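Engineer: missing the sequence, but the structure's below:
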């Protein structure tokens, strides 16, 4: 950066001496703001920029720092972020190409850009600096973060999800994870552009939604499950009444007839928690045509399966699993953990009747995300799930392919089988 201080080089922002300068300048500005009784929250960005720039210039002059106008502008921007924003994270949050931000203590900030993880050329001053930013994020939500409550889930004003964990649970200092919320949600055309799906896949999924198939989207962390769920949800007719249930509201359906519900963690006293299961049960009393559950991860699985089996066809959800069969096994496991009283045969029969389609999506090593399998759950045989793979992805040839079977469920008989596009084993490109 070219900033000079006697016997020290501030050319690298991540050096300790540069962090010392930022710390002392930050303290200086806080003192000036308090002394002048400046209402920064009420000022326009232009007023704040002029005020901070004047004091940064004065600070540099008093300490005889050899700085250029570029250096002053750079420091001014960082100090504005410290005073009114989220410090080093402010520029990352403003970058639409960044989807995830991961802070591992004060020294290391990583980000995901275009599906690839890289280290940012930014850092915090120290652990207290990280804590200040985290507390600024959660302050409007009335959430608490200290040794007695060292973990927190929160949401930024733009909808981005935030998770923070601090010592003594986090050994190397406070850690922060931010899953950013897209200002412009992806659409089905974007899936074609990015190579996530083929036209035949999207046409099949569009009709599957139209014919009220119960769809389960399966995949790993960061594979794009919620994004795909959002896109499929927009295939639903606008006159249908939808109830969405999420831990952090992310779905953007573009429908008017939508009731959005969000779970609530316990308060400081450990009471007031509202679980996904509570919301699913409440949703059943709200006359929904479809229920869309952000993710199946606990005891709410039993209520969702019952809803799918008792008149709420066309419902959708996501689950963490590595394959379509693993997704169904996970539903079994979650049901067992929810103290399901019936036998395994009854449970599998209930799952087989509830789920029509499992869509498996994966994130590849190069950062791309693709639908690698679309599977029909065709019931049980000898106590095992019968799965028909309708579409797949050939990793060797790097192309989408059509399976060798046609959908056999009653819902697919609506158009005499024309719902299934292409010929068995055909390459889709």
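Structural biologist: That came through, no problem. Because the structure is predicted, anything quoted here is derived from the model rather than measured.
Engineer: mind showing which ranges of this structure have poor pLDDT?
Structural biologist: 1-19, 41, 66-68, 268, 414-429 (pLDDT under 70).
Engineer: 50 instead?
Structural biologist: 1-15, 417, 419, 421-423 (pLDDT under 50).
Engineer: Okay, domains of it per the record?
Structural biologist: Per automatic domain parsing, the structural domains of the chain span 4-84, 89-179, 188-413.
Engineer: in this structure, which spans are helices?
Structural biologist: 16-36, 45-62, 69-84, 89-94, 127-138, 188-193, 199-210, 225-233, 276-283, 300-309, 324-337, 344-354 (DSSP state H).
Engineer: The most centrally placed residue in the chain bridge partners, please.
Structural biologist: For the chain, the residue nearest the mean C-alpha position is residue 179 (4.7 Å; C-alpha atoms, centre = their mean). Applying DSSP bridges to residue 179 gives these bridge partners: residue 100, residue 161.
Engineer: quick revisit: Throw the helices of the chain into JSON lines and include mean neighbour count, thanks.
Structural biologist: For glycine as for every other residue, the C-beta is placed from the backbone atoms N, C-alpha and C. Shown next, in JSON lines, are the helices of the chain (neighbours: other C-beta atoms under 10 Å):
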{"stretch": "helix 16-36", "mean neighbour count": "15"}
{"stretch": "helix 45-62", "mean neighbour count": "16"}
{"stretch": "helix 69-84", "mean neighbour count": "18"}
{"stretch": "helix 89-94", "mean neighbour count": "17"}
{"stretch": "helix 127-138", "mean neighbour count": "19"}
{"stretch": "helix 188-193", "mean neighbour count": "15"}
{"stretch": "helix 199-210", "mean neighbour count": "20"}
{"stretch": "helix 225-233", "mean neighbour count": "22"}
{"stretch": "helix 276-283", "mean neighbour count": "19"}
{"stretch": "helix 300-309", "mean neighbour count": "22"}
{"stretch": "helix 324-337", "mean neighbour count": "18"}
{"stretch": "helix 344-354", "mean neighbour count": "17"}
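Engineer: Out of these, which is closest to residue 112?
Structural biologist: helix 89-94 (10.5 Å; C-beta to C-beta).
Engineer: Residues in contact with that closest one: which ones?
Structural biologist: Helix 89-94 is contacted by residues 81, 86, 98, 101, 103, 109, 111, 120, 122, 133, 156, 160, 176, 178, 180 when judged by C-beta atoms under 8 Å, 6 or more residues apart in numbering.
Engineer: Among these, which one has the most neighbours?
Structural biologist: Compared across the contacts of helix 89-94, residue 103 has the highest neighbour count, 27 neighbours, by other C-beta atoms under 10 Å.
Engineer: hang on, isn't that residue packed against residue 111?
Structural biologist: No: counting by C-beta atoms under 8 Å, residue 103 stays clear of residue 111, with 9.8 Å between them.
Engineer: Am I right that residue 305 is in contact with residue 349?
Structural biologist: No: the pair residue 305 / residue 349 is not scored as a contact, 10.6 Å apart, by C-beta under 8 Å.
Engineer: Excluding chain neighbours, give the residue nearest to residue 159 in space.
Structural biologist: Once flanking residues are discounted, residue 159 sits nearest to residue 181: 3.6 Å by C-beta to C-beta, 6 or more residues apart in numbering.
Engineer: same check, this time on residue 349
Structural biologist: Nearest non-adjacent residue to residue 349, counting by C-beta to C-beta, 6+ apart: residue 380, 6.3 Å away.
Engineer: Residue 224: how many residues sit nearby?
Structural biologist: Using other C-beta under 10 Å, residue 224 has 26 other residues around it.
Engineer: what about it, distance to residue 332?
Structural biologist: According to C-beta to C-beta, to the nearest Å, residue 224 and residue 332 sit 25 Å apart.
Engineer: for residue 317, same thing?
Structural biologist: Going from residue 317 to residue 332 by C-beta to C-beta gives 15 Å.
Engineer: Check residue 345 too.
Structural biologist: For residue 345, the distance to residue 332 equals 11 Å [C-beta to C-beta].
Engineer: same question, residue 101
Structural biologist: Separation of residue 101 from residue 332 (C-beta to C-beta): 35 Å.
Engineer: Next: residue 283.
Structural biologist: 23 Å.
Engineer: ditto for residue 204
Structural biologist: Per C-beta to C-beta, residue 204 is found 26 Å from residue 332.
Engineer: and if you look at residue 97?
Structural biologist: Per C-beta to C-beta, residue 97 is found 39 Å from residue 332.
Engineer: Then residue 168?
Structural biologist: 36 Å.
Engineer: List phi and psi for residue 198.
Structural biologist: phi -100, psi 170 (degrees, to the nearest 10).
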